[in-house]
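Participant: Coordinates for the following, if possible.
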Amino acid sequence: MMQPRRSPHKVRFGLLTGLCYALREHGCASTLVCPWRGESVLYVPYPASTAKPLAVTAVEHHDRWVFAFGSCTTGTGDVREAAARVTRVVGAR
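Facilitator: Predicted coordinates for the structure are as follows:
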């Protein structure tokens, strides 16, 4: 028997929550926004700049989930590696 498909909103929020925690372990600040309407987004500030923060989201692409930020994408399977990559992009640590 097939299990019902989880809501994309719940999947996205869960993935971004995990990434938010992993970024904290990398010494990188972030803010998870879950609006009443619309999609969840994780904002990661650039530590040495007052520029707008990097927006990170999770999207389903060809039946798999990926994190998308700037011009980059990375798989959601290894959250620690994704956090390391985001940390490098914003120049934290």
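Participant: what's the weakest-modelled helix or strand in this protein?
Facilitator: strand 72-75 (a mean of 94; mean pLDDT, DSSP states H and E).
Participant: Okay, now the unreliable bits of this protein?
Facilitator: Across the chain, the ranges flagged by pLDDT under 70 are 1-4, 93.
Participant: what are the ranges of the strands in it?
Facilitator: 31-33, 41-44, 54-61, 64-69, 72-75 (DSSP state E).
Participant: Dump those strands into JSON lines; add mean neighbour count and distance to Gly14 as well.
Facilitator: C-beta coordinates here come from the backbone N, C-alpha and C atoms, glycine included. Converted to JSON lines, these look like this (neighbours: other Cβ atoms under 10 Å; distance: least, Cβ to Cβ, whole Å):
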{"stretch": "strand 31-33", "mean neighbour count": "13", "distance to Gly14": "11"}
{"stretch": "strand 41-44", "mean neighbour count": "20", "distance to Gly14": "12"}
{"stretch": "strand 54-61", "mean neighbour count": "17", "distance to Gly14": "9"}
{"stretch": "strand 64-69", "mean neighbour count": "17", "distance to Gly14": "10"}
{"stretch": "strand 72-75", "mean neighbour count": "15", "distance to Gly14": "15"}
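Participant: tell me the contacts of Ala84?
Facilitator: His26 (Cβ atoms under 8 Å, 6 or more residues apart in numbering).
Participant: measure it to Cys20 for me?
Facilitator: 14 Å (Cβ to Cβ, to the nearest Å).
Participant: What of Lys52?
Facilitator: From Lys52 to Cys20 the distance is 18 Å (Cβ to Cβ).
Participant: Can you say which of the strands of the chain is nearest to Leu15?
Facilitator: Closest of the strands of the chain to Leu15 is strand 54-61, at 4.2 Å (criterion: Cβ to Cβ).
Participant: what's the longest helix in this protein?
Facilitator: Secondary structure of the chain per DSSP state H: the longest helix is helix 8-25.
Participant: how about Cys20, what does it touch?
Facilitator: With contact set as Cβ under 8 Å, 6+ apart, Cys20 has these partners: 30, 32, 42.
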